[in-house]
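A.B. asks: Sharing a model that was predicted from the sequence below.
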Amino acid sequence: MVAGSHPDVIRAADMLRLFHPAAEVFAGVRAVEAGFVPEPYRRLLDHTSHMTVAMERHHGGPVSLHVVRVAEGSAAGRGYAREILLARGDGLVVQYGIVRIDLSAIDGGTAAAIRAAEVPLGRLLIEAGLLRDVHDVGLLEVTPGPGLCRLFDRVGCPATFGRVAEISISGRPAIELLEVAAPHTS
C-alpha cells in the first residue's frame, strides 16, 4: 500500500510512480521512526551520508551499479531519473533505488558521467569533489510486491526498510532519492 499523507510516504510514492504507475502494487511503503528500524537496516539508512559508502562498508567492498530504466525530460519531472540496483562483487543485489536529478545543478562532466551509468552516484559525487549535503532523510518500512521481489532476485520477499532523502550540490537542491535495502541484508 502506498498511501497516507505523511510527507515521506508522498515523496516515496512520487518517486515510485516515475517507473511504476501502479506504485502500490510494486511496493507498499509507510513512514517509520528510527527506533522502529532494526539493525543492520538502521545503520545502513539512518544517516546523512551516501548509501554507496554505507553499502560498501557493510558488505566489505565496492558495489556495482546496474541501471534498470532511465527517464528523461517530462517523464522524469526534473530532467533525469533512473531506477537502479546496487550489487556486491558476487552479484547479490543489496539495494534498489530511484534517483531524480536536476542535471543543470551539476557541472557538465559530472552530468555526463551520471548518464554513462558506470559508477554508483554516491561514489561519483565523492570522486568529483562536489560540495554536497544529504538532508531531509525519512525512513520507510517497505513491503515488496512481485515486481520489487523480482528485482531483488527473489520469489516473494519479506518486508524491508528504505529511505527518502535529498541532496543539495553547493547549496542548490539537485537530487531526490528513494533507496531500499535488500531484504536479505545481514
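C.D. replies: Here it is on my side, so go on.
A.B. asks: Could you list the low-pLDDT ranges of the chain?
C.D. replies: For the chain, residues meeting the criterion pLDDT under 70 lie at 1-5, 74-78, 131, 185-186.
A.B. asks: Please, where are all the strands along it?
C.D. replies: In the chain, the strands defined using DSSP state E lie at 27-31, 64-73, 79-87, 93-101, 132-144, 160-169, 172-181.
A.B. asks: Only alpha carbons, please: show the second one as CSV.
C.D. replies: It stands for strand 64-73. Output of strand 64-73 as CSV, limited to C-alpha atoms (Å, rounded to 0.1, in the frame of the first residue of the first chain):
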residue,chain,number,x,y,z
SER,A,64,28.4,-2.0,-8.8
LEU,A,65,25.7,-0.1,-10.5
HIS,A,66,23.0,-1.7,-12.7
VAL,A,67,20.6,0.7,-14.3
VAL,A,68,17.1,-0.9,-14.7
ARG,A,69,15.5,2.1,-16.6
VAL,A,70,16.0,5.7,-17.4
ALA,A,71,13.5,8.6,-17.8
GLU,A,72,14.4,12.0,-19.2
GLY,A,73,12.6,15.2,-19.8
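A.B. asks: packing partners for that strand?
C.D. replies: strand 79-87 (3 or more C-beta pairs under 8 Å, 6 or more residues apart in numbering; DSSP states H and E). (Each C-beta comes from the backbone N, C-alpha and C, glycine too.)
A.B. asks: in the strand it packs on, what counts as buried?
C.D. replies: Neighbour-count burial for strand 79-87, with 16 or more other C-beta atoms under 10 Å as criterion, is recorded at 79, 80, 81, 82, 83, 84, 85, 86, 87.
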